[in-house]
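Enquirer: using only what follows, build the 3D model:
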Amino acid sequence: MRNEGKPLKLTVGIVGGAGKMGLLLARNLKDKIETLRIISRDASRAIEAAEGLGVEWAPIEEAHRNNILIVSVPIDETVAVCKSLGQRMTAGSLLVDLASVKTGIADTVANSTPARIEYLSLHPLFGPQVKDMMGKRWIAVQARGGPLTDELLKILAKSGAVVKKATVKEHDEAMAAIQVLHHYALLVFSAAINRISSGKVLTDYVTESLEKTLQNIEVMKENWGTVYAIQRLNPHSHEARETFAKMANEMLELDEDAKVHLERAISMLKPP
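Expert: All right, here's what the predicted structure looks like:
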């Protein structure tokens, strides 16, 4: 498969390739492999997306006819789609999902798809609004590795992506702190400002700092299905929300020492 300087002789199908994340992946992968196919249950959407990108398309019934099959569908549909397609994939091919939660998904898919195929559960730590993979972080939960798994991870790395491997447990525990807590904090902020403002228009008072926060809130709104699914399906989400509520109550009366929480969060999250 190694063919330096030329697209790899691989066929990659993206199920849900007409969606936002599917299109992002297609744009970034199409020049690195020999054949890329957009796959959708709606043939007209697949055809339109494929023509726009200058790649092939395929009906969902032929999705299994690819070396690598990437499933980019809503979290709630991931297991069913992977199980259905995985049963028909040929020996040595690779099935990939992009679910933001791994418990109940990566383990279920691994246990309900044939051992003859490789299986990799990826989580892109960014939204479909980005333009390329340069510097973008991914988490890889490797269930059944092999040559194609290694090849795909190399393709991502060559695109500038930063890939970290983790277990299902490590992923979901970390994302409860990083993703669940962050989204929940913005939801609580949104609810609180609605109540405090009582319907007043505050546009003229918005600071530049709040403008950045508002951008995150707007992205959450646009991707509400995924945001809500993460809150429901991450097994550590309730604990994260409960901790947030307790800390908010404990910090109701602030003092100067509260600054220490900012310092600790920065040291924990910011790269050296």
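
Enquirer: helices of this structure, residue ranges please.
Expert: Assigned by DSSP state H, the helices in the chain fall at 20-29, 43-53, 75-86, 106-112, 147-158, 168-175, 181-197, 208-222, 224-233, 237-250, 259-269.

Enquirer: can I get those helices in JSON lines with mean neighbour count and mean pLDDT?
Expert: For every residue, glycine as well, the C-beta is placed using N, CA and C. Converted to JSON lines, the helices of the chain look like this (neighbours: other Cβ atoms under 10 Å; pLDDT from 0 to 100):
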{"stretch": "helix 20-29", "mean neighbour count": "21", "mean pLDDT": "93"}
{"stretch": "helix 43-53", "mean neighbour count": "16", "mean pLDDT": "95"}
{"stretch": "helix 75-86", "mean neighbour count": "19", "mean pLDDT": "97"}
{"stretch": "helix 106-112", "mean neighbour count": "18", "mean pLDDT": "96"}
{"stretch": "helix 147-158", "mean neighbour count": "17", "mean pLDDT": "94"}
{"stretch": "helix 168-175", "mean neighbour count": "19", "mean pLDDT": "98"}
{"stretch": "helix 181-197", "mean neighbour count": "14", "mean pLDDT": "95"}
{"stretch": "helix 208-222", "mean neighbour count": "12", "mean pLDDT": "95"}
{"stretch": "helix 224-233", "mean neighbour count": "17", "mean pLDDT": "96"}
{"stretch": "helix 237-250", "mean neighbour count": "14", "mean pLDDT": "97"}
{"stretch": "helix 259-269", "mean neighbour count": "9", "mean pLDDT": "92"}
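
Enquirer: looking at those, which is nearest to Phe126?
Expert: helix 20-29 (9.0 Å; Cβ to Cβ).

Enquirer: helices and strands around the closest one, which ones?
Expert: strand 8-15, strand 33-40, helix 43-53 (3 or more Cβ pairs under 8 Å, 6 or more residues apart in numbering; DSSP states H and E).

Enquirer: returning to what we had before: now for the helices of the chain, which one comes closest to Lys131?
Expert: helix 20-29 (8.3 Å).
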